[in-house]
Structures are given as C-alpha cells and as structure tokens.
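Dropping a prediction and its sequence here:
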Amino acid sequence: MNKKIYKDCVYFLGIYDPIIHYWYINPHRFILTKNKKNNMLIGQYISSNKFCSKCDNHSKDIIILKVAHNVSFARIEIDINKNINKNITLILPDYVKKYYFFNLNAEEVKDHIKTYKNSNKRKFDFNRKCYLTLKSKNDINNIYENNFITSLTFKIFEYEKNIYITLPFFNTTSESIDI
C-alpha cells in the first residue's frame, strides 16, 4: 500500500473559518496505515509542520475528505468554496468519495485544557501529551453506519497564551462503505 494512497484515493483535512465563511484545505495528505486486525484505516500527520491551527473562541467545523488520488488540495479548496450556498451548506464535488465531518467546540477545548492542567500540575506546552478526540458526526447521524466509528484526534498545546491544535490523526472502521 502506498503510504498516502488507499483504494486509489487520498485523504485531506479541511477546516471551516466561520468569520469569513471559507474552507481551508490543508495541502498535505494524510499518511495511511491499514490495521487488518481491527479492520481499521489510520491516517496521520507525523510532523507538526504539516498542520498547526490556533484555537480561538469560535467553534470550528472540520472535515476529512476522501478524494481521487489525482485531485489537488487547491482544486478541492476552490470547488468547495465556490459551491457554498447562502445557508453555508457544504456541497461536495463529485470526486469526493467519502467525507467525515467533525465539530471542534471552543468551550470543549477550554474544559479539556483546564482538566488537564488541574490533573497534571505541570507547564502546559508542546512537550506534554494532551490530546482531544472528536467523533464523526456522520457516524452519530447515519443509521446505516451505526456500528462504524470514525474519530479525529489532535494534540493540544499552549504557546504564548494561545491554544493550538496540531498532529491530527484519524481512524475509521467504515472504510468498507463508500458513498
């Protein structure tokens, strides 16, 4: 298996900016690993240089897109943003084979950090292992896939009084079902 291509597809991470109503697609593809024992596909960024996003007081919609391997992140970003309608509904292009939708709630991040700080009594920085895992909204709302789980995990750290998320990785057991 090519480490970035699975079933002729690649996976990209996108984050929605609610202030300017724009989807940013990260230019880096996830590195993929198939766990045959658990029938699970795992995607990860192995360097914080690939993705790092400041958390602010707004919740963020996040999407993982499974697309044909010959589609660039720039094309995805252009196509998704030109298809946003007045209700900010996401209309996906035909080359998107599957998607996993997540919501990063700003209050949940703050609560998670507060709990971590209270239980660890150490400086909260990049070297600490503080992770936040989100469940895909697809799995919660889709009765046909209710026995499948997709999650997205971020490392969280504080730098100069700002909170950042980095090193995302996802795992899914729903890869046998495609849209």
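Okay, I see it.

Quick check: which ranges of this structure have low pLDDT?
Residues of the chain that meet the criterion pLDDT under 70 lie in 1-2, 48, 85-89, 120-129, 137-148, 174-179.

need the helices for it, in chain order.
73-82, 106-120, 137-141 (DSSP state H).

Could I get the buried residue list for the longest one?
Okay, so that is helix 106-120. Val109, His112, Ile113, Tyr116 (16 or more other CB atoms under 10 Å). Glycine gets a C-beta too; all of them are placed from N, C-alpha and C.

can you put these in a markdown table and add distance to Asn57?
Converted to a markdown table, the buried residues of helix 106-120 look like this (distance: CB to CB, whole Å):
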| residue | distance to Asn57 |
| --- | --- |
| Val109 | 10 |
| His112 | 15 |
| Ile113 | 13 |
| Tyr116 | 19 |
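
what's the burial count for the closest residue to Lys155 other than its chain neighbours?
Nearest residue to Lys155, sequence neighbours excluded (CB to CB, 6 or more residues apart in numbering): Leu167, at 4.3 Å. Look at Leu167: counted by other CB atoms under 10 Å, it has 19 neighbours.

Val67 too?
Val67: 23 neighbours (other CB under 10 Å).

swap in Asn70?
Asn70, neighbours per other CB under 10 Å, totals 11.

where's it relative to Val10, distance?
Separation of Asn70 from Val10 (CB to CB, to the nearest Å): 9 Å.

Could you do Leu167 as well?
Using CB to CB, Leu167 is found at 19 Å from Val10.

mind listing the strands for this protein?
Using DSSP state E, the strands of the chain run over 9-17, 22-25, 31-35, 40-44, 52-55, 60-68, 96-104, 131-135, 150-159, 162-172.

quick one, which of the ones you listed is nearest to Ile78?
Closest approach to Ile78 among the strands of the chain (CB to CB): strand 22-25, 9.2 Å.

Direction included, what does the closest one pair against?
Here strand 22-25 has these sheet partners by DSSP bridges: strand 9-17 (antiparallel).

List the neighbours of the partner strand that are in contact with it.
Contact with strand 9-17 is made by 4, 22-26, 28-30, 32, 43, 51, 53, 60-69, 71, 73, 76-77, 80, 97, 168, 170, as judged by CB atoms under 8 Å, 6 or more residues apart in numbering.

can you do 6 Å?
The set of residues external to strand 9-17 that reach it, using CB atoms under 6 Å, 6 or more residues apart in numbering, is 4, 23-26, 29-30, 43, 60-66, 69, 73, 97.

returning to that earlier point: next, format the strands of the chain as CSV and append distance to Leu90.
Listed next are the strands of the chain as CSV, based on distance: least, CB to CB, whole Å:
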stretch, distance to Leu90
strand 9-17, 8
strand 22-25, 8
strand 31-35, 23
strand 40-44, 20
strand 52-55, 19
strand 60-68, 7
strand 96-104, 8
strand 131-135, 17
strand 150-159, 16
strand 162-172, 18
